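J.: Would you be able to build a 3D model of this:
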Amino acid sequence: MTLKTKKSKIFFATVFIFGLIILSGCGFKQKTDHQYNLSLEIWGPFDYGDALRKVFNSYKKINPNISSLEYKRIPINTYQKELTEALAAGQGPDIFFIRNDWVPSFADKIVPVKEIPGVISEKKFRANFIDVVANDFLVKGNIYAMPLSVNTLGLYYNKDLFNQAGIVAPPKTWDEFSEDVKKLTKINAFGEIIQSGAAMGTAYNINRSTDILNLLMLQNQTKMIDPRGQVLFQKSISENGKSIFPGENALAFYTQFANTSSPEYTWNSQLHDSIDAFSEGTVAMMLNYPWNVKVIKEKAPKLNFAIAPVPQIKDKPKVNFANYWGLAVSKNKTPQSNPYGQSKKAVVISSNTRLKEAWTFLTYLTTKPDGTFNNKASTKVGQVTEANFDPAKSCLTQTGEPAARRDLIKEQKDNPTIGVFATDNLIAQSWIEVDPSSIESIFAEMIDQVNKGQATVAGAIKTAAQRVQILSNNN
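T.: Numbering: from 1, shown residues only. Predicted structure coming up:
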């Protein structure tokens, strides 16, 4: 071997080894694009940890300033209390789930998007989400929360009991519903209900009874409350030249199913809880939300049931009632200290930076992807997101929930389990409740007073309106 050949081999070997070092990163400190290391914590009452994991991993790749994204689940029965106390102490989460009717009571604990320019516009918000979301979470141009899903009521019905009664399809109107209830109800010689046509009429043994009453009120076009906080659901409206009381009509219709002297009598306060009764096969119909599909299948794996759209009032606009959660960004949070860029010097990440980053992440999580990510507060240039990855769609696929986004509803409408709920999200409505827990109790007591004969329908609804008005005046 000649000296020239040896030198040539040594040269190429050196180049090869040097190249490996470069490729592996050994001996070289890669230049990072990030300016700080921010951790974001999210709180919620749902088991969303697995559903969000892929989203978290994807987001950290495209936003190097986010070093950690964590989700903390808190039991739903203590969630509101723990959240309120933590936020008051400045030790709460950066982002938290808020129920759609909590906005009035949590407004002072949230920094809305309008105060953080450049994240999402009102136009884009309205284009992404169904109408009820804008009605609930968009207040005077301020976006207070952004949802992944929306839940509306559906009509659960026992197919075997329908078949035995010769009913070929679930009712589409409340008139048909009433007729089906008569066919499906069985009362023995002692006056005991042995098979109920529907779980309707009472307050405390029907799951979400007050939501069903809200549905009936809204379908009757009841004006619930005005923007100034004036309660209206006890008042009359003019319809076809006549004065009617839609709130009273809704309450009377609902409570008739628990009135022993009514032809529609089918339920009473002595029967099992509505979900248990439906699972046991002793009630043919109930109105409930999509999350109870799993509950019923666990309680009664062999139960032959299906879900149809909620009945509507003939010749009136279709309406469903919404009960759902959105994600909001907390106002009060102790600032974080983190190393800045390549320096080891600890710096305090400003509140404005945290708020901008939190809302930017929520926009990424909930809105329709446009193929790029551009956070001007944290990165110099937009980065291309993962092709064909839709964070909201990824989450909903795992949780099995109906979408809040219009484009995803189109994809879900033929789903055998949630298609009915997803489609009805387009006609969902709600109303501003200044104190949801107290109003729920007031409505339940209103129903119970009528059931027990302690008040007429008109008297009960008048008393309830006075109590809700006091709440409104105090908030």
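J.: Then residue 396 would be within a strand, right?
T.: No - the assignment for residue 396, made by DSSP: H, G, I helix; E, B strand; the rest coil, is helix rather than a strand.
J.: Identify the residue spatially nearest to the residue nearest to the spatial centre of the chain, adjacent ones excluded.
T.: If you average the C-alpha coordinates of the chain and look for the closest C-alpha using CA atoms, centre = their mean, you land on residue 324, 2.5 Å from that point. Distance criterion CB to CB, 6 or more residues apart in numbering; nearest residue to residue 324, sequence neighbours excluded, is residue 150 at 4.4 Å. To be clear about C-beta, it is placed using only N, CA and C from the backbone, and glycine gets the same treatment.
J.: The one you found contacts residue 325, correct?
T.: No - in this structure, residue 150 sits apart from residue 325 without contact. The criterion is CB atoms under 8 Å, and the distance is 9.0 Å.
J.: neighbour count winner among these two?
T.: Neighbours of residue 150 and residue 325, each counted by other CB atoms under 10 Å, are more numerous for residue 150; the result is 31 against 21.
J.: Please tell me how far the more buried one sits from residue 233.
T.: Counting by CB to CB, to the nearest Å, the gap between residue 150 and residue 233 amounts to 23 Å.
J.: just residue 165 next, same as before
T.: 35 Å.
J.: out of these two, which sits in the more crowded spot?
T.: For residue 165 versus residue 233, the count of surrounding residues by other CB under 10 Å is larger for residue 233: 24 against 18.
J.: if I look at that one, how far off is residue 211?
T.: Spatial separation of residue 233 from residue 211 under the definition CB to CB is 15 Å.
J.: Kindly report the same for residue 140.
T.: 27 Å.
J.: Show the contacting residues for the closest residue to residue 289 other than its chain neighbours.
T.: Of all residues not flanking residue 289 in the chain, residue 151 sits nearest, at 4.7 Å (CB to CB, 6+ apart). Residues near residue 151 by CB atoms under 8 Å, 6 or more residues apart in numbering: 289, 290, 291, 322, 323, 324, 401, 402, 421.
J.: Run a quick neighbour tally on the first one.
T.: For residue 289, the tally of surrounding residues (other CB under 10 Å) stands at 20.
J.: what's the distance between it and residue 170?
T.: Using CB to CB, we find residue 289 at a distance of 17 Å from residue 170.
J.: what stretches of the chain score poorly on pLDDT?
T.: Counting by pLDDT under 70, the chain has low-confidence residues at 1-34, 333-348, 372-387.
J.: again, only this time at 80
T.: Within the chain, the ranges that satisfy pLDDT under 80 run 1-35, 332-349, 371-387.
J.: shouldn't residue 402 be in contact with residue 422?
T.: Yes - taking contact to mean CB under 8 Å, the distance of 4.0 Å between residue 402 and residue 422 places them in contact.
J.: For these two, list the residues in contact with both.
T.: Each of 409, 412 lies in contact with both residue 402 and residue 422 under the rule CB under 8 Å, 6+ apart.
J.: Show the residue spans covered by the helices in the stretch 101-250 of the chain.
T.: Under the criterion DSSP state H, counting those that start in this stretch, the stretch 101-250 of the chain contains helices at 103-106, 122-128, 131-137, 159-164, 174-184, 209-219, 246-255.
J.: wait, which of the ones you listed is closest to residue 66?
T.: Closest approach to residue 66 among the helices of the stretch 101-250 of the chain (CB to CB): helix 122-128, 21.9 Å.
J.: Who are the packing partners of that closest one?
T.: Applying 3 or more CB pairs under 8 Å, 6 or more residues apart in numbering; DSSP states H and E, one finds that helix 122-128 makes contact with strand 138-139, helix 406-412.
J.: Just the buried positions in stretch 454-461, please.
T.: 455, 457, 460, 461 (16 or more other CB atoms under 10 Å).
J.: Now do that stretch: distance to the chain's middle.
T.: 33 Å (CA atoms, centre = their mean, to the nearest Å).
J.: got the CA coordinates for it in PDB?
T.: In PDB, the C-alpha atoms belonging to stretch 454-461 read as follows (Å, rounded to 0.1, in the frame of the first residue of the first chain):
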ATOM      1  CA  GLN A 454     -98.900  22.500  47.600                       C
ATOM      2  CA  ALA A 455     -99.200  25.100  44.800                       C
ATOM      3  CA  THR A 456    -100.900  25.500  41.500                       C
ATOM      4  CA  VAL A 457     -98.800  25.600  38.300                       C
ATOM      5  CA  ALA A 458     -99.200  29.400  38.100                       C
ATOM      6  CA  GLY A 459     -98.500  29.900  41.800                       C
ATOM      7  CA  ALA A 460     -95.400  27.700  41.800                       C
ATOM      8  CA  ILE A 461     -93.900  29.300  38.700                       C
END
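J.: pretty sure residue 407 contacts residue 367?
T.: No - because the distance of 10.0 Å does not satisfy CB under 8 Å, residue 407 is recorded as not touching residue 367.
J.: With neighbour numbers in mind, choose between these two.
T.: Neighbour tally, residue 407 and residue 367, criterion other CB under 10 Å: the higher count belongs to residue 367, 19 against 13.
J.: what's the spacing between the closest residue to residue 358 other than its chain neighbours and residue 273?
T.: Computed as CB to CB, 6+ apart, the closest residue to residue 358 that is not its neighbour in sequence is residue 329, at 4.4 Å. Between residue 329 and residue 273 the computed distance is 37 Å (CB to CB).
J.: The two - which one has more neighbours?
T.: In this view residue 329 and residue 273 are compared by other CB under 10 Å, and residue 329 has more residues nearby, 30 against 13.
J.: what secondary structure does the more buried one sit in?
T.: Judged by three-state DSSP, the three-state class of residue 329 is strand.
J.: wait, isn't it in contact with residue 95?
T.: Yes - using CB under 8 Å, residue 329 makes contact with residue 95 at a distance of 5.7 Å.
J.: Next, show the common contact partners of those two.
T.: Overlap of the contact sets of residue 329 and residue 95 (by CB under 8 Å, 6+ apart) consists of 358, 362.
J.: Show me the domain layout of this structure.
T.: As given by automatic domain parsing, the domain ranges for the chain are 38-150+325-406, 154-321+434-473.
J.: Need these in CSV (columns: distance to residue 426).
T.: Putting the domains of the chain into CSV (distance: least, CB to CB, whole Å) gives the following:
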stretch, distance to residue 426
domain 38-150+325-406, 6
domain 154-321+434-473, 9
